[in-house]
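[1] Pasted the sequence and its predicted model underneath.
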Amino acid sequence: MAASLLMLSGIYYLFTVQQIPKSIKTVYRAADEKKIYQLPDGTAVTLDKGSELEVSNHFGIDSIREVWIKGDGYFSVAHDKKKPFIVHTLAGMNVKVLGTEFNVSAWKDKAYVVLNKGSVEVNAADQQLRLQPGERALFSTLEQRMEKNRSIRSSIMPGKITCWPLITIC
């Protein structure tokens, strides 16, 4: 009898709890001012005014930690070798994090990543780049081309890279 109840409980779990659609998500917004959010895995995300971040409610449970950004965000990603962290942009550029701090600007016609610390792999239109601190990857949807160059260093805070030009230093 106990074995039957255990089996029925397992079947109920598989067909109810496990079947929650992955489309259910949490949306973080910074409508009028810059906001800082902490994701369930400990990753800190600073969203600039007018930016939005979507996170699956299965974030941290699945084998890959994925987020979708529209606008500007600065990420300080919690390290987890077993669960890669990927940022998807509207422009089709994807950023695979290899333990790091970086800025993403993601709009419909272009996207860029500025790396402050660690390293990232950037993919767009069948192109792949690996960035080192101080480098920037820029992707244009019109040209379907990605390029890498050195980012602008801050004269106000030496060692830091300028993010969201003329708005802040990260």
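    Arrived safely, thanks for sending. Residues are numbered from 1 along each chain as shown.
[2] Just confirm Gly68 contacts His88, I think it does.
    If you look again at residue 68, you'll see it is Trp, not Gly. Yes - in this structure, Trp68 is within contact of His88 by Cβ atoms under 8 Å, at 4.6 Å. Any C-beta I mention is one placed from the backbone N, CA and C, and that applies to glycine too.
[3] What are the contacting residues of the helix or strand containing Val55?
    Using DSSP states H and E, Val55 falls within strand 51-56. Strand 51-56 has contacts (Cβ atoms under 8 Å, 6 or more residues apart in numbering) with 22, 24-30, 37, 39, 45, 47, 62, 66-73.
[4] What's the first helix or strand after the strand ranked longest in the chain?
    In terms of residue count, the longest strand belonging to the chain (DSSP state E) is strand 110-124. Next helix or strand after strand 110-124 toward the C-terminus (DSSP H and E): strand 127-131.
[5] what packs against the helix or strand that comes right after that next one?
    Going down the chain from strand 127-131, the next helix or strand is strand 135-140, by DSSP H and E. Where contact means 3 or more Cβ pairs under 8 Å, 6 or more residues apart in numbering; DSSP states H and E, strand 135-140 is packed against strand 110-124, strand 145-150.
[6] Who does the very next helix or strand once past the strand holding Val55 pair with, and is each partner parallel or antiparallel?
    Scanning forward in sequence from strand 51-56 by DSSP H and E, the next helix or strand is strand 65-76. When pairing is defined by DSSP bridges, strand 65-76 lines up against strand 44-47 (antiparallel), strand 51-56 (antiparallel), strand 85-89 (parallel), strand 94-106 (antiparallel).
[7] Give the buried residues for the shortest one.
    What that stands for is strand 44-47. Buried residues in strand 44-47, counted by 16 or more other Cβ atoms under 10 Å: Val45, Thr46, Leu47.
[8] Packed most tightly, which of the helices and strands packed on strand 135-140 would that be?
    Neighbour counts (mean count of other Cβ atoms under 10 Å) averaged over each of the helices and strands packed on strand 135-140 peak at strand 110-124, with a mean of 21.
[9] With just CA atoms, put it into CSV.
    Below are the C-alpha coordinates for strand 110-124, written out as CSV (Å, rounded to 0.1, in the frame of the first residue of the first chain):
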residue,chain,number,x,y,z
LYS,A,110,22.5,47.0,-32.5
ALA,A,111,24.0,45.4,-29.4
TYR,A,112,27.3,45.7,-27.7
VAL,A,113,29.1,44.2,-24.7
VAL,A,114,31.9,45.9,-22.7
LEU,A,115,33.9,43.6,-20.5
ASN,A,116,35.2,44.9,-17.2
LYS,A,117,36.5,41.7,-15.5
GLY,A,118,36.8,38.0,-16.5
SER,A,119,35.9,36.8,-20.0
VAL,A,120,32.9,36.3,-22.2
GLU,A,121,32.2,34.6,-25.5
VAL,A,122,29.9,36.6,-27.8
ASN,A,123,27.9,35.1,-30.7
ALA,A,124,25.9,36.7,-33.4
